[in-house]
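Asker: Predicted structure and sequence below. I'll ask about it afterward.
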Amino acid sequence: METIKYKGFTGSIEISKEGDEFIAHGKILFINDLVTYEADDLQSIEAKFKAAVDDYIDTCAHLRIEPHKSYSGSFNVRIGPETHQRLARFALQNDKKINSVVKDAVEEHLDQQFSGS
């Protein structure tokens with residue numbers, strides 16, 4: 001899946017075949033609502049995405065709601081029993097909680113990814 005950005009929003013771009021024609025479509029990602037857009041060709045999909053974002057921003061303003069999805073800061077990760085045990089031992093040996101070790105590891109990974117490393 002390809003993505004595009006506009007005004008701080010990210011949208012998906014996907015291609016599907018309907019009969020003999022290809023249709024470009026997508027949705028605005030990371031929001032609390034479902035907002036989709038569609039175009040007959042790839043050249044038009046960006047304009048459709050931008051129009052969808054502008055309409056969504058206007059609608060949110062009118063309804064006085066926050067357009068971006070809020071996250072709780074909590075999620076479940078399945079890592080398998082052996083990795084879980086290693087993680088628990090590492091946390092204990094470093095006088096940390098498992099959540100703290102995982103948070104630090106995720107932040108370090110994201111920092112490396114987004115700093116170009």
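Answerer: Now that the structure is in, tell me what you want to look at. Numbers count the residues shown, from 1 in each chain.

Asker: what does the domain assignment say about this protein?
Answerer: 2-63, 81-114 (automatic domain parsing).

Asker: Where does pLDDT dip in the protein?
Answerer: Counting by pLDDT under 70, the low-confidence segments of the chain come to 116-117.

Asker: For the domains of the chain, give me JSON lines that also has mean neighbour count and distance to residue 71.
Answerer: Every C-beta, even on glycine, is put in place using the N, C-alpha and C of the backbone. JSON lines is the format used below for the domains of the chain (neighbours: other Cβ atoms under 10 Å; distance: least, Cβ to Cβ, whole Å):
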{"stretch": "domain 2-63", "mean neighbour count": "14", "distance to residue 71": "9"}
{"stretch": "domain 81-114", "mean neighbour count": "11", "distance to residue 71": "13"}
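
Asker: Any chance of a markdown table for those domains, columns distance to residue 69?
Answerer: Shown next, in a markdown table, are the domains of the chain (distance: least, Cβ to Cβ, whole Å):
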| stretch | distance to residue 69 |
| --- | --- |
| domain 2-63 | 5 |
| domain 81-114 | 18 |
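
Asker: Relative to residue 74, which of those domains is closest?
Answerer: For residue 74, the closest of these is domain 81-114, at 9.3 Å, according to Cβ to Cβ.

Asker: For that closest one, measure first residue to last.
Answerer: 30 Å (Cα to Cα, to the nearest Å).

Asker: Give me the distance between residue 111 and residue 5.
Answerer: Separation of residue 111 from residue 5 (Cβ to Cβ, to the nearest Å) stands at 20 Å.

Asker: same check, this time on residue 19
Answerer: Residue 19 is 31 Å from residue 5, where distance means Cβ to Cβ.
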